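Enquirer: model the following, please.
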Amino acid sequence: MSETEKTDKTCVLLVDDEVNILNSLKRLLLHDKNLKVVTATSGEEGLKLLDELTNVGLIVSDQRMPGMNGAVFLEKAIDKAPDATRIIMTGYADTSAAIDAINKGKAWKYLSKPWDDTELLSSVREGVDRYKIIEENKQLNALVQQQKEELEEWNSNLKNRVLQQTTAIRKKSEEVQAALERVRESDSSIQGMIRALCALVDLRGARASKHAHNVELLAESAAKDLGLDETTTETIRVAALLHDIGEIGIPERLLITAPEVMKSDEFREYSQHPVRAQLLLDHIDELRSVSELIRHHHENMDGTGYPDRLSGDDIPLGSRIIAFADQIDKTAMMCVGDIAEQALTRINSQVGNCLDPALYKVFKKVVRYYYHATTTVDPPKKVEKLMGPDELRPGMVIARNVYSANGRVVFPKAMVLDAIMIASVRGHFGTDPTDTSIYVWE
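Expert: Reported below is the predicted structural model:
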């Protein structure tokens, strides 16, 4: 028999002072090839064997034996084979002996002599199975404990790695912050961002581009007339220039529909454009104060505006200035002749409930100057010239709309070119070739 086979077999210890009974039991159990059967003729001999045997899964002991009886033997056997299943056998109807065997010897089952072979074999197999379950549970518990210890060690190592990575991330963050500080010190980079954002507004067409620049000039002039400091005035100017950037992506049919005639779902979509603008600009730290002014430029003095229903002085002053300039220019677009006076007359009904009445006097002066200048001064003669993308230079002005291959306006008439715009034009013609020529005013 190999060592592996010996190890795999479950040991069954039989104890009885009558050898012929032991032999009968042994012959009966040897039919099970998974069992190793060992016998002892006394409790003392059985205890000695337990010191030497391994994997003892079942102990079957006679109760009536000279010297040490079965109950006492089983009680002492607990210390040597605590997980073994214990069965007591006796030919006498001795109730007290059975009680002792169960209470003191922790006997699992009580069998009487003479025994029934089928019942005995069934009890032996069930007892061995019970022992195996106990052993498997012990192994599983040991495995769980081992895995728990390994997990604790892994967590400890992970904590150390996280601390190391956190330190590295903090260091990297400090480096990034230092780099951002250097970027903040460079005014040209911010101006480049603003020009790029203006280009997005210009892509909506000449009308939208012209409106943005009109509102910019009106708001900036009003801020200066009010005596606001240079930083505040610049914030208002940029916010006015980009005030409609959140309308990008909104269906064109909504942009040409008056809010008061929109359906509820249409107005709900349209009224989110100040919020969309803020979400876009908030990604640029230097433009967060700009984004706040844009968010509130549709609030009304009486609290009926959107998106936050602010009222009165709760609306930022810059937002109130932009709102006034926005309404003035939208109204002026519908006027002919004396545009300034007509625009001022038409918005009178909005002053107080929508527009800040404290700003009316300032805009009355600004509007008359601005629209007077734009409507009475003859523009200089402009010469159109056909150019290729590589011939464009800063300062040139787009003379005719430039269209994409599918007919969409990508660069509107009157757009002033700078280095960033020229790069955008060249990039567009590289990715979306079209036969449309580029006409410019020099």
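Enquirer: tell me what the longest helix seen in the chain is packed against?
Expert: The single longest helix within the chain, with elements called by DSSP state H, is helix 117-184. Counting contacts by 3 or more C-beta pairs under 8 Å, 6 or more residues apart in numbering; DSSP states H and E, the secondary-structure elements packed against helix 117-184 are strand 10-15, helix 19-29, strand 56-62, strand 85-90, strand 109-112. Yep, even glycine has a C-beta here, placed from its N, CA and C like the rest.
Enquirer: give me the buried positions along the shortest one.
Expert: Put plainly, it is strand 109-112. 109-111 (16 or more other C-beta atoms under 10 Å).
Enquirer: what mean pLDDT would you report for it?
Expert: Rounded to a whole number, the mean pLDDT of strand 109-112 is 82.
Enquirer: same check on stretch 20-28?
Expert: The predicted model gives stretch 20-28 an average pLDDT of 91.
Enquirer: ditto for stretch 223-239
Expert: Per-residue pLDDT values across stretch 223-239 average out to 91.
Enquirer: contacts only, for Leu281.
Expert: Counting by C-beta atoms under 8 Å, 6 or more residues apart in numbering, Leu281 makes contact with 197, 242, 245, 287-288, 290-291, 294.
Enquirer: which one is it nearest to, not counting chain neighbours?
Expert: Leaving aside its chain neighbours, Leu281 sits nearest to Ser291 (3.7 Å; criterion: C-beta to C-beta, 6 or more residues apart in numbering).
Enquirer: which element is that neighbour on?
Expert: Taking DSSP states H and E as the criterion, Ser291 maps to helix 288-295.
Enquirer: and for Ala212?
Expert: Taking DSSP H and E as the definition, one finds Ala212 inside helix 206-225.
Enquirer: next one: Met65
Expert: Following DSSP H and E, one finds Met65 outside all helices and strands.
Enquirer: got the domain ranges for this protein?
Expert: Taking automatic domain parsing as the domain assignment, the ranges for the chain are 3-137, 189-377, 381-442.
Enquirer: pipe those into a markdown table and attach distance to Asn155 per row.
Expert: Conversion of the domains of the chain to a markdown table gives the following (distance: least, C-beta to C-beta, whole Å):
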| stretch | distance to Asn155 |
| --- | --- |
| domain 3-137 | 26 |
| domain 189-377 | 37 |
| domain 381-442 | 51 |
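Enquirer: comparing the ones you listed by mean pLDDT, which bottoms out?
Expert: Taking each of the domains of the chain in turn, the lowest mean pLDDT turns up on domain 381-442, with a mean of 72.
Enquirer: about what we covered before: closest to Gln147 out of the domains of the chain?
Expert: Each of those has some distance to Gln147 by C-beta to C-beta; the shortest is domain 3-137, at 15.4 Å.
Enquirer: tell me how far the closest one is from the chain's mean position?
Expert: Here domain 3-137 shows a centroid-to-chain-centroid distance of 63 Å under the convention C-alpha atoms, centre = their mean, to the nearest Å.
Enquirer: okay, buried residues for the helix or strand Glu44 falls within please.
Expert: Remark: Glu44 resides in helix 43-52, with elements defined by DSSP H and E. When neighbours are counted by 16+ other C-beta under 10 Å, the buried residues of helix 43-52 are found to be 43, 46-47, 49-50.
Enquirer: Gly91: which of those residues is nearest?
Expert: Lowest distance from Gly91 to those (C-beta to C-beta) belongs to Gly43, with 17.1 Å.
Enquirer: so how far is Asp285 from that closest one?
Expert: Noted for Gly43: a distance of 88 Å to Asp285, by C-beta to C-beta, to the nearest Å.
Enquirer: next: Gly46.
Expert: Here the criterion is C-beta to C-beta. By it, Gly46 lies 86 Å from Asp285.
Enquirer: before we move on, the earlier item: what residues does the helix or strand that the helix holding Ala212 is followed by touch?
Expert: Next in sequence after helix 206-225, counting helices and strands by DSSP H and E, comes helix 230-241. Contacts with helix 230-241, where a contact means C-beta under 8 Å, 6+ apart, come from 194, 198, 201, 212-213, 215-216, 218-220, 223-224, 228, 287, 289-291, 293-294, 297, 318-319, 321-322, 325-326.
Enquirer: now the element after helix 230-241, going C-ward?
Expert: Using DSSP H and E, the helix or strand that follows helix 230-241 towards the C-terminus is helix 252-255.
Enquirer: can you spell out which helices and strands pack onto that following helix?
Expert: Under the contact definition 3+ C-beta pairs under 8 Å, 6+ apart, helix 252-255 sits against helix 264-270.
Enquirer: what's the angle from the following helix or strand past the helix it packs on to helix 230-241?
Expert: Heading C-terminal from helix 264-270, the first helix or strand you meet, by DSSP H and E, is helix 273-281. On the basis of axes from the mean of the first three to the mean of the last three C-alpha atoms, to 10 degrees, helix 273-281 is oriented at 120 degrees to helix 230-241.
Enquirer: mind listing what's buried in helix 273-281?
Expert: Residues of helix 273-281 classed as buried under the neighbour-count rule (16+ other C-beta under 10 Å) are 273-278, 280-281.
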